[in-house]
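[1] Here's my sequence, what's the structure:
(chains A and B)
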2 protein chains.
Amino acid sequence: MPILVAGSLAIDSISTPSGSREETLGGAASYFSVAASLYDQVRLVGVIGRDFRDDDLVHFRTRRIDLGGLERKEEGLTFRWSGSYEGRMDAAKTLETRLNVLAEFRPTLPQHFRDTPLVFLANTDPVTQAHVCSQMTRPRFMLLDTMNFWIDGRREDLYKAMQAAGNVILNDDEARALGASSNLNVAVERIAAIGVDTIVVKRGEHGALLYKEGRTFGLTALPLASVVDPTGAGDTFAGGFMGALAAGNDLSFAGMRRALLHATVMASFTVEGFGLERLLKVTRRDVEERLEELLHHTTP
Amino acid sequence: MPILVAGSLAIDSISTPSGSREETLGGAASYFSVAASLYDQVRLVGVIGRDFRDDDLVHFRTRRIDLGGLERKEEGLTFRWSGSYEGRMDAAKTLETRLNVLAEFRPTLPQHFRDTPLVFLANTDPVTQAHVCSQMTRPRFMLLDTMNFWIDGRREDLYKAMQAAGNVILNDDEARALGASSNLNVAVERIAAIGVDTIVVKRGEHGALLYKEGRTFGLTALPLASVVDPTGAGDTFAGGFMGALAAGNDLSFAGMRRALLHATVMASFTVEGFGLERLLKVTRRDVEERLEELLHHTTP
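    Now for the predicted structure:
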């Protein structure tokens, strides 16, 4: 079944111990849609400025990604992010963020996008996220990503968006901040009490935790020999998760456990190259092979 | 089969967000032997001073723990450690360490200890660890624990002890320090190249990684609702690991994977109480129940 993603397209500048890239394709919606399109049809909602390269649009056009919800604003510039990583690379140091055309973005979805059953709300202003939710006519599963900026400063709006979406994905630190506990288990229970059904906690190289109505599933990640750039790993993870849910047509706890394996595998590719470089080359066969590896690595 | 442990017995003072304990039973060999004795016969090699309480010895005497290798030095005091934890409690802040009788300890093993097939060398001076290894007549599996103090300052001696033992257990930070890489996978490969066969990496609430001759197994931990005091979790983990190896009489990769589950379960009890308080109450039935939980939580 088709998957809608509403989120950023960006021009990123990245520096890691392995090297650097200037003005390369980035943004949550880019990583998400490339990953998810390996599984099913993706409908992309986003905004770009006049500086966005046509060559980068080709990556979407040559995949199962419907650009009917992509606005290009000739009067503005694309969202730009630059950041660097050091040591274990478990957190980016943001050097600069320029929202540009993203600042005023309150998308009105094309008619044919509104009945999409699966929806991913990439990290952005929670009012925008709730606005997207409100336009969906027959959602089966909507997943919301967020970050500390909104957790710290816009908690009321975030709660409303979370309740509208019904499910959240966030990283370990964000989960503890949102649930106001240094104990992850306690934090997750409190997040559920806000009014969400499924919670996915991304733990970077430590894997992920799935929580759904009191049941939990923990998955460790594959130890990777080469980690070049973690940018986009979380959004790729979400893309693998939603893609596998769509392809498996199974929204049960069992279906989500399986989807978490795909999420982990997809993210493992992204970190092996700068930006989208590695992810763009991934084939279904690569995914199947690494899934086997992950099963060998994690089956007790 | 019996398990020998050489390591510290201590009097600890601990402070955590849940409260504090003054002068409570501690030490690597204490946690290890209580955990491992739930599975098989333990032979304890250690030293205490005149201040060690008889009441604390009762915990060992009422379990399958042979104290034939325990020296009491009336002229000295027991090893003392005090530390505190904050926030996520992923690392202790050491407030004070007094080696006391431990400083000069170079144990000569009793004759009937020397043919013990399984050996755990708790963290201590690597020369002492190698000295214990050299007295073993028929070891089947010897596992060495260490810490940054020896990795940073006594690398040559540590390498010799590691080669004598043949297998190591250490935490995530220590593995990266010993393998001189921020990438855990790279670090582990380098540790193997020093001349060890099996490497167990303890990752606290993130679980553990097992490496044996190029094969890996990753296990995530159970998310715990209550974490009171992490002191001794690593040594309890080692006790569960060696105990399960002994009881299963299986030193293959499959046997070690299974033992890692027991290790994770045993450690999960220790952190639920101060010092050994919770661990001392654990029954085989508790272990079986939590093992079921862990399997549900981690089976893909």
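
[2] Going by neighbour count, list what's buried in the longest helix along chain A.
    Secondary structure of chain A per DSSP state H: the longest helix is helix A:253-270. Residues A:253, A:256-270 are the ones in helix A:253-270 that count as buried (16 or more other Cβ atoms under 10 Å in any protein chain shown). Any C-beta I mention is one placed from the backbone N, CA and C, and that applies to glycine too.

[3] can you tell me if it touches chain B.
    Yes - Helix A:253-270 comes into contact with chain B (Cβ under 8 Å from any Cβ of the partner chain), by way of A:257-258, A:261.

[4] ok, those vs chain B, which is closest?
    Ranked by distance to chain B (Cβ to the nearest Cβ), those are led by residue A:261 at 5.7 Å.

[5] how about residue A:91, what does it touch?
    Going by Cβ atoms under 8 Å, 6 or more residues apart in numbering or on different chains, residue A:91 touches residue A:85.

[6] Residue nearest the middle of chain A, spatially speaking?
    Nearest to the mean C-alpha position of chain A, counting by Cα atoms, centre = their mean, stands residue A:235 at 2.5 Å.

[7] What parts of chain A come near chain B?
    Applying Cβ under 8 Å from any Cβ, we find that chain A lies next to chain B at A:17, A:87-89, A:176, A:182-186, A:188, A:203, A:205-207, A:209, A:216-227, A:257-258, A:261, A:294-295, A:297-300.

[8] Point out the ones among those that are inside strands.
    Among the residues of chain A next to chain B, the ones falling in strands (DSSP state E) are A:209, A:216-219.

[9] Quick check: the farthest pair among those?
    By the measure Cβ to Cβ, A:216 and A:219 form the most distant pair in those, at 10.6 Å.

[10] Could you give me the buried positions within stretch A:237-249?
    Residues of stretch A:237-249 classed as buried by neighbour count (16+ other Cβ under 10 Å): A:237-248.

[11] Please render those as a markdown table that adds pLDDT and secondary structure to the earlier fields.
    A markdown table is the format used below for the buried residues of stretch A:237-249 (pLDDT from 0 to 100; DSSP: H, G, I helix; E, B strand; the rest coil):
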| residue | pLDDT | secondary structure |
| --- | --- | --- |
| A:237 | 98 | helix |
| A:238 | 98 | helix |
| A:239 | 98 | helix |
| A:240 | 98 | helix |
| A:241 | 98 | helix |
| A:242 | 98 | helix |
| A:243 | 98 | helix |
| A:244 | 98 | helix |
| A:245 | 98 | helix |
| A:246 | 98 | helix |
| A:247 | 97 | helix |
| A:248 | 96 | helix |
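
[12] Pick the one among those residues closest to residue B:156.
    Ranked by distance to residue B:156 (Cβ to Cβ), these are led by residue A:237 at 42.6 Å.

[13] Okay, buried residues for stretch A:276-293 please.
    For stretch A:276-293, using 16+ other Cβ under 10 Å, the buried residues are A:276, A:278-280, A:282, A:287, A:290-291.

[14] Identify the residues contacting the residue in the stretch 51-200 of chain A positioned nearest to chain B.
    With Cβ to the nearest Cβ, the shortest gap between the stretch 51-200 of chain A and chain B falls at residue A:185, namely 4.0 Å. Contacts of residue A:185 were listed using Cβ under 8 Å, 6+ apart, and they are B:223-225.
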